[in-house]
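>>> sharing a sequence plus its predicted fold:
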Amino acid sequence: MRRHLHRLMSFAAIGGFVFLLNIAVVQLFVTVLDFNPIVVYPFALAAGITVDYLLNRAITWSDRTLGLRRSASRYAILHIATAGIEYGLFAVFVHLGLIVLVAQIAAGSVSGSINYLVTHTWAFATDELTPEEAANVG
């Protein structure tokens, strides 16, 4: 249980960092450079997914022995799917008149919750369980 809590906290901290980075990039391009937020958001998401993967592989799931190709491809599939959900929600929220920052927070909260669950159980899953995980199965 302690390992799972540690993973969750690490994932949340990394996700929070990447999320703030994403907000800063979008805000810079929208408020300072006068770009359309609907155009900027996918680029910010792509950069964020890359940073998020690298940090989570190195820190959160560093004890999992997975090949780079396997974990990166699973992570990409998952995050492209949830980025689509996040982008769709963001676009709807902006269209409904929410300010860009609130739209980012709302859409990112939904996708972040999905990401943790699927990342833990699929993207960084191994065929072998740790002794602690094996004790909690069943």
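Great, that's in hand. Residues are numbered from 1 along each chain as shown.
>>> hey, let's count contacts and neighbours off CA atoms from now on
Noted.
>>> off-centre distance for stretch 80-97?
14 Å (Cα atoms, centre = their mean, to the nearest Å).
>>> just the buried residues of that stretch, please?
Thr82, Ala83, Ile85, Glu86, Tyr87, Leu89, Phe90, Ala91, Phe93, Val94 (16 or more other Cα atoms under 10 Å).
>>> which of those residues has the weakest pLDDT?
Of all those, Ala83 carries the smallest pLDDT score, 81.
>>> residues in contact with that residue?
Leu45, Ser111 (Cα atoms under 8 Å, 6 or more residues apart in numbering).
>>> tell me the helix or strand right after the host helix or strand of it.
Using DSSP states H and E, Ala83 sits within helix 68-95. As assigned by DSSP H and E, the chain's next helix or strand after helix 68-95 is helix 100-118.
>>> and the angle for that following helix with helix 68-95?
150 degrees (axes from the mean of the first three to the mean of the last three Cα atoms, to 10 degrees).
>>> poorly predicted segments of this structure, please.
1, 127-138 (pLDDT under 70).
>>> now do 80
Counting by pLDDT under 80, the chain shows low-confidence ranges at 1-4, 64-67, 125-138.
>>> could you dump the buried residues of stretch 80-97 to CSV with distance to Gly48?
Below are the buried residues of stretch 80-97 laid out as CSV (distance: Cα to Cα, whole Å):
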residue, distance to Gly48
Thr82, 13
Ala83, 10
Ile85, 15
Glu86, 13
Tyr87, 13
Leu89, 17
Phe90, 15
Ala91, 18
Phe93, 20
Val94, 20
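>>> of all pairs in these, which one is the farthest apart?
Using Cα to Cα, the two most remote members of those are Thr82 and Val94, lying 18.0 Å apart.
>>> now do the SS call for Asp34.
coil (DSSP: H, G, I helix; E, B strand; the rest coil).
>>> give me the number of residues near it?
10 (other Cα atoms under 10 Å).
>>> quick one: it from Arg7, how far?
38 Å (Cα to Cα, to the nearest Å).
>>> what's around the nearest residue to Ala76 once chain neighbours are set aside, how many residues?
Distance criterion Cα to Cα, 6 or more residues apart in numbering; nearest residue to Ala76, sequence neighbours excluded, is Ile49 at 7.8 Å. The number of residues packed near Ile49 is 20, by other Cα under 10 Å.
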